[in-house]
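**Q** show me the folded form of this:
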Amino acid sequence: MDYRLQTDLDEKGREFLVSSIRRSYRTTHVDIAGDTLTVAFGEAVSPDAFDQLMKKLLYISKSINRDVLFVNRADHPYNGNPMADLLQCRDVIKIADGQYVFQGGFWKVFNGLHDYVKRIAKACDAVEQEYPALWPVDLFKKIDYFKEFPQQVILATTVKDTFEDRGRFAGRYGRDQDYDAVRVQDGLADCRYGLQPAVCDVCYYTLSHSVDHANTVYTTYNKVFRNEVSSTDSLDRLTAFSVRDIMFVGDRDFVLTTRQRLIEHLSEFLRVLNLDCRIETANDPFFMNESAMKNVFQNASRLKHELLVRLNYSGGQLAVGSINLHLDFFGKAFDIRLPDGTWAHSGCIGIGFERLTYGLYCQYGPDIDKWPAALRQTLGLD
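**A** Predicted structure coming up:
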């Protein structure tokens, strides 16, 4: 399908447009040449519905801006993609699309980065927590996740609790049977859980119906699961990835002050790593529904910022973390109240360690023995 844009878009606006279309539809090709958008769909699409979607997307793309909070310039000579070297030396082992095993040098760098971020949490007197990998459906429902982000959901189910269903399932899916996927109707129960697509939400869920919540910082390290894979078969987008979040819940001034303190900590962290990077306002692509107007509000209110690391081999930017301000959204969603009876405000930061580690390799090269001594010392590699 060809679509005449009839408007001028800058580079950021075009990136946002293409990414949102790819997230909303199954596509094999999306490109903008001049004032014409060309999309090859892998599913049936109504031209009228697509036209309505495009009108919203074009409206949003015009509002996109970039508020830059922090910039660190670094001229690293390596400009290759380290993925082939990481796979060859087996520091990274692929086991399925979007899923990898890490060991050796990659794992050491990964842990060094995590230890540093954990120290930031400790400096904020954060309460350490650990969450289950599964969310109850009730959590998804209370924050409207199924409606807002259906493209990211991975649900979990069980075999029905009857002897007949268990026997039928065991016979159908034995090792000697021919299958590469499990049909959801083959004796499987309704889904009551889903793999967690974010980390911080469990924190607010556990605070449900609090009536006198005091200003508190929390932190956790968990796996996150999203229905997405890399278009380049790399570590830039994973189905399962590792995140340390630092959450802060309390009154508005406490949340704003803590966010600023963490921005300063993260800026220093990026300076120590000497990455070519920046922290700037985020403009996430999204599945087309009511999220469209929320994206405009989020951008205008500067509620989300991303930590972006330059990929020298492509010239692109890789988001390795985010800084989020929720206002009183979770306070209202989970009925979290302060001692004065008002809704609690909240915010969080999150760092994805596979991406951040990959970003380091993309700038410093695949041989960590040749990385600067100061960097190696910071990450505990010596």
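**Q** what's the first helix or strand after the helix or strand of the chain with the lowest mean pLDDT?
**A** Least confident helix or strand, the chain: helix 291-301 with a mean of 53, by mean pLDDT, DSSP states H and E. Note on helix 291-301: by DSSP states H and E, the next helix or strand toward the C-terminus is strand 304-310.
**Q** distance between that following strand and the chain's centre?
**A** Remark: strand 304-310 is offset 11 Å from the chain centroid, using Cα atoms, centre = their mean, to the nearest Å.
**Q** equivalent analysis for stretch 154-173, please.
**A** Relative to its parent chain, stretch 154-173 has a centroid offset of 32 Å by Cα atoms, centre = their mean.
**Q** identify the residues contacting residue 71.
**A** Each residue near residue 71 by Cβ atoms under 8 Å, 6 or more residues apart in numbering is listed here: 277, 278. From N, CA and C alone the C-beta is placed, and that goes for glycine too.
**Q** the helix or strand where it lies pairs with which strands, parallel or anti?
**A** Assigned by DSSP H and E, residue 71 falls within strand 68-72. Here strand 68-72 has these sheet partners by DSSP bridges: strand 277-281 (antiparallel).
**Q** ok now the partner strand, how far from the chain's centre?
**A** Centroid separation between strand 277-281 and its chain, computed with Cα atoms, centre = their mean, is 15 Å.
**Q** how about residues contacting it?
**A** Residues outside strand 277-281 that contact it (Cβ under 8 Å, 6+ apart): 65-72, 74, 263, 266-267, 270, 299, 302, 304-310, 317, 320, 323, 359.
**Q** cutoff 10 Å now
**A** If you take Cβ atoms under 10 Å, 6 or more residues apart in numbering as the criterion, strand 277-281 is touched by 64-74, 263, 266-267, 270-271, 298-310, 317-318, 320-323, 356, 359, 363.
**Q** with stretch 253-261 instead?
**A** Stretch 253-261 is contacted from outside by 69, 120, 123-124, 126, 214-217, 246-251, 305, 323-328, 338, 344-349, using Cβ under 10 Å, 6+ apart.
**Q** cool, stretch 333-341 as well?
**A** With Cβ under 10 Å, 6+ apart as the test, stretch 333-341 has contacts from 139, 141-144, 201, 203-215, 249-252, 254, 326, 328, 330-331, 343-346.
**Q** quick one: the strands in the stretch 1-150 of the chain, in order.
**A** 2-4, 27-33, 36-41, 68-72, 92-96, 99-102, 127-129, 134-136 (DSSP state E, counting those that start in this stretch).
**Q** of these, which is nearest residue 165?
**A** Residue 165 lies closest to strand 134-136 among the strands of the stretch 1-150 of the chain, at 21.4 Å (Cβ to Cβ).
**Q** for the closest one, the distance to its chain's centre please.
**A** Worked out by Cα atoms, centre = their mean, strand 134-136 lies 18 Å from the chain centre.
**Q** go on, stretch 108-127?
**A** 19 Å.
**Q** likewise stretch 25-35?
**A** Centroid separation between stretch 25-35 and its chain, computed with Cα atoms, centre = their mean, is 23 Å.
**Q** try stretch 31-50
**A** On Cα atoms, centre = their mean, the centre of stretch 31-50 falls 26 Å from the chain's centre.
**Q** what's the span of it, first residue to last?
**A** End-to-end distance of stretch 31-50 (Cα to Cα, to the nearest Å): 15 Å.
**Q** next: stretch 152-159.
**A** Using Cα to Cα, the end-to-end distance of stretch 152-159 comes out at 23 Å.
**Q** next, the buried residues of it.
**A** 152, 153, 155, 159 (16 or more other Cβ atoms under 10 Å).
**Q** settle this for me: the second one is touching residue 193, isn't it.
**A** This points to residue 153. No: Residue 153 lies out of contact with residue 193 (Cβ atoms under 10 Å); the separation is 11.4 Å.
**Q** overlap in contacts, those two.
**A** 135, 140.
**Q** average pLDDT for the strand holding residue 71?
**A** Here strand 68-72 scores 92 as its mean pLDDT.
**Q** one more: stretch 84-104?
**A** On average, the pLDDT along stretch 84-104 is 98.
**Q** and that stretch, how far apart are its ends?
**A** Per Cα to Cα, stretch 84-104 runs 15 Å from first to last residue.
**Q** quick check: bridge partners of the residue nearest to residue 308 when sequence neighbours are not counted?
**A** Distances taken as Cβ to Cβ, 6 or more residues apart in numbering place residue 317 nearest to residue 308, at 4.1 Å, with adjacent residues excluded. Counting by DSSP bridges, residue 317 forms beta bridges with residue 310.
**Q** with the one 5 residues further on instead?
**A** When bridges are called by DSSP bridges, residue 322 pairs up with residue 306, residue 350.
**Q** thanks again, I'm all set now.
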